[in-house]
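Asks: using only what follows, build the 3D model:
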Amino acid sequence: MIPERIETDHLIFERLTHDAIDLFDLYDICSSDPGIEDVTEYLPWGPHQTPKETHDLLTSAESNWEQGEDFRYLLRLRESSEPVVGMTGIDVHWGRRTGTIRLWLRKQFWGRGLSGERAAALTEIIFDTLDLELLAVFTLEGNERSRRAIEKYIDRYGGQYEGLFRNFRPNDGDLANAHRYTITREQYRNATQ
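Replies: Numbers count the residues shown, from 1 in each chain. Just a heads-up that it's a prediction; the model follows:
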């Protein structure tokens, strides 16, 4: 159904599993990588405190993939010795025929255009492989760097900004608002014909 490995011009997407990466290598990235506090500022998780958190992340990713609800990938650069540049995925809402995409990149890889390349690959999967009707992406209020990156690929496919969702999710003890952007299958088809 959905590919476990994807290659684009600069990226390799590899299904997130215990076999795909050493637990302690991923723990080091998720706990103490330079800039991890900046990376996780707008994410629903903070720097990992124990290897068990990282183990649980891998276990959850494997289980959710098997259930067809959430497809998570490690991102690697094609021409690099770096073990991982970040993670991405698609959260599928089958009843709403919607795929929600997400991403985090290690800080040293910010500003290289990887978000757009990654989004193009996931957009194709959402519409051509999973046959969903809508792609959605959220970014928390205040995350202007992410918002600018999202707007570039949303515009490329003729998508739109749908508004600010108030009290979207907890964030550091407060409720965070999130901006939502979408692309419909029709917009995607019109942009790629």
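
Asks: first-to-last residue distance for stretch 89-104?
Replies: End-to-end distance of stretch 89-104 (CA to CA, to the nearest Å): 10 Å.

Asks: buried residues in that stretch?
Replies: By 16 or more other CB atoms under 10 Å, the buried positions in stretch 89-104 come out as 89-90, 92, 98-104. (Each C-beta comes from the backbone N, C-alpha and C, glycine too.)

Asks: one more: stretch 118-127?
Replies: Within stretch 118-127, the residues that count as buried by 16+ other CB under 10 Å are 118-119, 121-123, 125-127.

Asks: need the residues that contact that stretch.
Replies: Contacts to stretch 118-127, defined as CB atoms under 8 Å, 6 or more residues apart in numbering, come from residues 2-3, 6, 8, 11, 13, 71, 75, 88, 90, 99, 101, 103, 132, 135, 137, 150, 153, 156-157, 183, 185, 188-189.

Asks: mark which of these are buried, thanks.
Replies: Neighbour-count burial (16+ other CB under 10 Å) applied to the contacts of stretch 118-127 gives 6, 11, 13, 71, 75, 88, 90, 99, 101, 103, 132, 135, 137, 150, 153, 156-157, 183, 185, 188.

Asks: so of the residues you listed, which ones are in helices?
Replies: Counted as lying in helices by DSSP state H, out of the buried ones among the contacts of stretch 118-127, are 150, 153, 156, 185, 188.

Asks: just put those residues in JSON lines and tack on pLDDT and distance to residue 65.
Replies: Shown next, in JSON lines, are those (pLDDT from 0 to 100; distance: CB to CB, whole Å):
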{"residue": "150", "pLDDT": "96", "distance to residue 65": "24"}
{"residue": "153", "pLDDT": "96", "distance to residue 65": "24"}
{"residue": "156", "pLDDT": "96", "distance to residue 65": "28"}
{"residue": "185", "pLDDT": "98", "distance to residue 65": "23"}
{"residue": "188", "pLDDT": "98", "distance to residue 65": "24"}
